[in-house]
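A.B. asks: Give me coordinates for this.
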Amino acid sequence: MLKRMLEGILVVALTFSALSGSAQAETTLTGAGATFPHPLYSKWFRDYQAEDAGVSFSYEAQGSGEGIRKILAREVDFGASDKFLSDQELKDAPGQLLHIPTVMGAVAVTYYIPGVATGLKLTPHALAGIYLGRITRWNDPLIARDNRQLRLPGKEIIVVHRSDASGTTSIFSDYLSAVDPSWASTVGRGTSVAWPAGTGAKGSSALVKKIREVPYSIGYVEIAYALENDLDTAALRNRAGRFVKPTMLSTRAAAVQGMKGVKVKVGAEPDYRLSLVNQPGKDAYPIVGLTWLLVYRDQKDPVKGRKLVEFLTWQLKKAEKMTSTLHYTPLPDTWSSQVEKTIKSINVAQ
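C.D. replies: Prediction:
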């Protein structure tokens, strides 16, 4: 069932035209950005056309960095990003940009070790050490001590990372910065970083391809891509000291912890920019992130503006039920009413 739902997710750019047999859509909403939520957005766009055949979507999954660039340049109607914009970026934008949170997801650490069964465990320092280029072989003592049940080979670790400006990288590097002081001081966080080790892959699909084809490799990707492509995923040690796999339940556990301290003040402008990595709780998976759609509050095209508001309202109220089948986690109920107010605040030009 999942395979049918995700048919076509490995295509970098998809245009969702009108359903077969129906009239050509009158309005096309253009977007670009994150590959992290692309499997889910692809389904949303298709399903929404069944609700409104008068609209189609053209979405280019080119990475969060490109989505941010294009929405700031007003080249698209909406951007998609797993990295929130800084105060300075918002200030420099040509209009007031809104962050519309959609769902949460886990970034899985995937690997391909021939002859080794599933069950790899990694501590934060082991994972950081691999990506810093300091741990170079699979049987390194820092890895082996937590994997005595596995016969780890003395083969060189082939490190794979994203080469494009990526929201998945932003979440992954945010996590490494939170758990490893050496990473924080030498590499840091962002959609693009100066990788100390490894080879790059442009886009989630290309990274998946490398992991599947290159023995002894390791990489990071949104969990839906890992599951659809039958990639092994590592259990990571969380703040409670437990090794946890990326699942919907462990993602939700992290989200619940991360959002406990978030309160939207009455009368104040909601700020949904939030990091969810390395949250406390025994069941929390440590690499979890929000993803956002970026839209301008003041819409210049009244037709597109109305269609965009209608779609955003639909996905908030109806589409969240689709998230579990594609391994994403919906927003907490406490956020729904506030996000709806934010969507309603979009001004559609007359």
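
A.B. asks: measure Asp92 to Ser86 for me?
C.D. replies: 9 Å (Cβ to Cβ, to the nearest Å). In this view, the C-beta of every residue, glycine as well, is placed from N, C-alpha and C.

A.B. asks: same thing with Gly219?
C.D. replies: Relative to Ser86, and taking Cβ to Cβ, Gly219 is found at 27 Å.

A.B. asks: Over to Pro246?
C.D. replies: Pro246 sits at a distance of 27 Å from Ser86 (criterion: Cβ to Cβ).

A.B. asks: These two - which one has more neighbours?
C.D. replies: Per other Cβ atoms under 10 Å, whichever of Pro246 and Ser86 has more neighbours is Pro246, with 27 against 10.

A.B. asks: Surely the more buried one touches Ala284?
C.D. replies: No: applying Cβ atoms under 8 Å, one finds Pro246 not in contact with Ala284, separated by 10.9 Å.

A.B. asks: what touches both of the two?
C.D. replies: Among the neighbours of Pro246, none is also in contact with Ala284 (Cβ atoms under 8 Å, 6 or more residues apart in numbering).

A.B. asks: The stretch 251-350 of the chain: helices as residue ranges?
C.D. replies: 302-317, 333-344 (DSSP state H, counting those that start in this stretch).

A.B. asks: Contacts for the last one next, please.
C.D. replies: Just to be clear, that refers to helix 333-344. With contacts defined as Cβ under 8 Å, 6+ apart, helix 333-344 is touched by 98, 100-101, 259, 264, 270, 272, 309, 312-313, 316-317, 331.

A.B. asks: quick one, that helix and helix 302-317 angle?
C.D. replies: Helix 333-344 and helix 302-317 meet at an angle of 170 degrees, taking axes from the mean of the first three to the mean of the last three Cα atoms, to 10 degrees as the criterion.

A.B. asks: Give the buried residues for helix 333-344.
C.D. replies: Neighbour-count burial for helix 333-344, with 16 or more other Cβ atoms under 10 Å as criterion, is recorded at 335, 339, 342-343.

A.B. asks: Next: the first one.
C.D. replies: Residues of helix 302-317 classed as buried: 304-309, 311-312, 315-316 (neighbour count, 16+ other Cβ under 10 Å).

A.B. asks: do the same with stretch 197-213
C.D. replies: By neighbour count, with 16+ other Cβ under 10 Å as the criterion, the buried positions of stretch 197-213 are 197-198, 201, 203-208, 210-211.

A.B. asks: In the chain, which residue is most central in space?
C.D. replies: Phe36 (3.4 Å; Cα atoms, centre = their mean).

A.B. asks: so who does that residue touch?
C.D. replies: Counting by Cβ under 8 Å, 6+ apart, Phe36 touches 64, 82, 105, 107, 167-168, 171, 204, 222, 289, 291.

A.B. asks: what pLDDT does it get?
C.D. replies: Model confidence at Phe36, expressed as pLDDT, equals 89.

A.B. asks: if we can go back for a sec, pLDDT and distance to Gly31 for the buried residues of helix 333-344 - can I get that in JSON lines?
C.D. replies: Converted to JSON lines, the buried residues of helix 333-344 look like this (pLDDT from 0 to 100; distance: Cβ to Cβ, whole Å):
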{"residue": "Trp335", "pLDDT": "82", "distance to Gly31": "22"}
{"residue": "Val339", "pLDDT": "91", "distance to Gly31": "18"}
{"residue": "Thr342", "pLDDT": "94", "distance to Gly31": "18"}
{"residue": "Ile343", "pLDDT": "96", "distance to Gly31": "16"}
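
A.B. asks: Which two of those have the greatest separation?
C.D. replies: Greatest spatial distance in the buried residues of helix 333-344: Trp335 and Ile343, 12.0 Å, computed using Cβ to Cβ.

A.B. asks: who's in contact with Gln279?
C.D. replies: Shown here is Gln279, whose contacts under the criterion Cβ under 8 Å, 6+ apart are 238-239, 253-255, 257-258, 286, 288.

A.B. asks: Which of those residues scores worst on pLDDT?
C.D. replies: Going through these one by one, the lowest pLDDT turns up at Gly258, 80.

A.B. asks: May I see the buried residues of whichever helix or strand Ile130 is part of?
C.D. replies: Assessed by DSSP states H and E, Ile130 sits inside helix 124-131. Of all the residues in helix 124-131, those buried under the rule 16+ other Cβ under 10 Å are 124-131.

A.B. asks: Closest one to Glu228 out of these, please.
C.D. replies: Using Cβ to Cβ, Leu127 comes nearest to Glu228 of the buried residues of helix 124-131, at 22.8 Å.

A.B. asks: That closest one and Gly65: what is the separation?
C.D. replies: Leu127 sits 23 Å away from Gly65, going by Cβ to Cβ.

A.B. asks: Could I get the average pLDDT for the strand ranked longest in the chain?
C.D. replies: For the chain, the strand with the greatest residue count under DSSP state E is strand 97-112. Per-residue pLDDT over strand 97-112 has a mean of 95.
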